[in-house]
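1. Sequence isn't available, so here's the structure alone:
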């Protein structure tokens, strides 16, 4: 999907506000840039995991819009290997629920109410 179309869809779905938080599990300059474009003033960007060794942020929107950027490391390499091995052995299972972008507000409510099991993925 083109960057501008994604931004238009997000702004349309949020009545022109943008989103209050983005959790970026990819961590590339492209995903960071696109995430920042979708944020509402005073919102937060969470970068999960260690992918690459540095990212360049667009400083002006970051400061003017008072965004917060937080890094989150869920575990180390050995823990990741252990989780992958457990999944391969079907000892642990994953649950991924996919939702279209136009249901984002409903999904947020489901998350708040603890009704999402596993991961919720928004598909633009």
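-> Yes, it's here. Please read these numbers as outputs of a predicted model, since none were measured by experiment.

2. residues near the nearest residue to residue 93 once chain neighbours are set aside, how many?
-> Of all residues not flanking residue 93 in the chain, residue 87 sits nearest, at 7.5 Å (Cβ to Cβ, 6 or more residues apart in numbering). Where C-beta positions appear, they are placed from N, C-alpha and C, glycine not excepted. Residue 87 is flanked by 12 other residues according to other Cβ atoms under 10 Å.

3. Now do the helix or strand that residue 87 is a member of: distance to the chain's middle.
-> Assessed by DSSP states H and E, residue 87 sits inside helix 77-88. Taking Cα atoms, centre = their mean, to the nearest Å, one finds helix 77-88 lying 22 Å from the centre of the chain it belongs to.

4. Next SSE downstream of the helix or strand harbouring residue 6?
-> Taking DSSP H and E as the criterion, residue 6 maps to helix 3-13. Note on helix 3-13: by DSSP H and E, the next helix or strand toward the C-terminus is strand 19-24.

5. In terms of secondary structure, what does that next one contact?
-> For strand 19-24, the packing partners by 3 or more Cβ pairs under 8 Å, 6 or more residues apart in numbering; DSSP states H and E come out as helix 29-38, strand 39-48.

6. Report the angle between that strand and helix 29-38.
-> Angle, strand 19-24 to helix 29-38, by axes from the mean of the first three to the mean of the last three Cα atoms, to 10 degrees: 170 degrees.

7. where are the low-confidence patches of the protein?
-> Applying pLDDT under 70 to the chain flags residues 1-3, 50-52, 75.

8. related to what we said a few turns ago, need the helices and strands packed on strand 19-24 in JSON lines with distance to residue 11, can you?
-> JSON lines is the format used below for these (distance: least, Cβ to Cβ, whole Å):
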{"stretch": "helix 29-38", "distance to residue 11": "8"}
{"stretch": "strand 39-48", "distance to residue 11": "10"}
